[in-house]
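Colleague: One predicted model, sequence on top.
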Amino acid sequence: MELRELSKIDDPLLQKIGRLRVEAWQTKTSRAAEMETWIDEFDLTARHWVVFQNGLPVAAARLSVHEALEDIPDAESYLGVFRKNPPALIASLNRLVVAPCARGLGLSKRLDVARLRAAEQMGCRSAVLSTASGSGRVKQLVGWGFAVAGEGPRFKNPPLCHLGAPVVLSREIGLAWKLNCKPVSRF
């Protein structure tokens with residue numbers, strides 16, 4: 001398996017990544033099956049990493065960088081979680097998916113490490129993400145230095161709108177900053 005950052009994302013590859021997102025999320029929510037592809041406006045400006053097996057994408061993730069929490073993909077999932085917003089530049093780690101046939105191979109870790117390294121190189125001071133993938137993913141991220149900031153409001157749009165509230169996590173990058181989050185005891 002080959003992990004590559006895409007220097008340019010063409011439409012046919014973006015469509016494959018969008019279908020991979022749907023395939024991966026079908027195991028979590030039946031609403032994903034209603035979508036042909038899962039692509040949004042952030043895909044055109046974000047940095048993308050893809051794991052290929054035999055020329056086909058089996059895992060993918062993206063990184064977008066923002067000045068404000070309100071500008072992050074799925075910004076609604078962060079509402080009311082932080083007492084004080086993480087410092088900018090904020091790296092948003094989002095749209096991590098692994099095909100069911102490739103799970104358990106450490107691909108999510110490889111994708112997370114690549115994105116965090118890129119965020120640090122870009123001068124980001126903090127990284128955030130929200131996940132509805134469950135406690136296993138949360139524990140994995142906590143093991144890599146993320147802290148649980150709290151639960152965000154439920155997602156409003158498919159395919160994630162039928163899931164429970166997402167868990168919001170954050171961590172510092174570069175300059176140290178004190179995490180100032182509401183306490184959470186769920187994990």
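Modeller: Received it, and whenever you're ready, just let me know what you need.
Colleague: continuing past the helix or strand of the chain with the lowest mean pLDDT, what's the next helix or strand?
Modeller: Every helix and strand of the chain was ranked by mean pLDDT, DSSP states H and E. The lowest is helix 11-25, at a mean of 90. For helix 11-25, the following helix or strand on the C-terminal side (DSSP states H and E) is strand 47-53.
Colleague: which parts of that next one are buried?
Modeller: In terms of neighbour count (16 or more other C-beta atoms under 10 Å), strand 47-53 has its buried residues at Arg47, His48, Trp49, Val50, Val51. Where you see a C-beta, it was placed from the backbone N, CA and C, and this is true even at glycine.
Colleague: mind putting those residues in TSV, pLDDT and distance to Leu169 included?
Modeller: As requested, the buried residues of strand 47-53 are arranged in TSV below (pLDDT from 0 to 100; distance: C-beta to C-beta, whole Å):
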residue	pLDDT	distance to Leu169
Arg47	96	20
His48	97	21
Trp49	97	19
Val50	97	23
Val51	97	22
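Colleague: and Gln121, how far is that from Leu107?
Modeller: Note on Gln121: its distance to Leu107, by C-beta to C-beta, to the nearest Å, is 21 Å.
Colleague: Those two: which has the busier surroundings?
Modeller: In terms of neighbours (other C-beta atoms under 10 Å), Leu107 is the more surrounded of Gln121 and Leu107; the figures are 22 against 10.
Colleague: ok now do the more buried one, which residues does it touch?
Modeller: Met1, Leu3, Val51, Val58, Ala59, Val98 (C-beta atoms under 8 Å, 6 or more residues apart in numbering).
Colleague: which residues touch the nearest residue to it once chain neighbours are set aside?
Modeller: Ranked by C-beta to C-beta, 6 or more residues apart in numbering and with sequence neighbours excluded, the top spatial neighbour of Leu107 is Ala59, at 4.2 Å. Each residue near Ala59 by C-beta under 8 Å, 6+ apart is listed here: Leu20, Val50, Val51, Leu96, Val97, Val98, Ala99, Ala102, Leu107, Ser108, Leu111.
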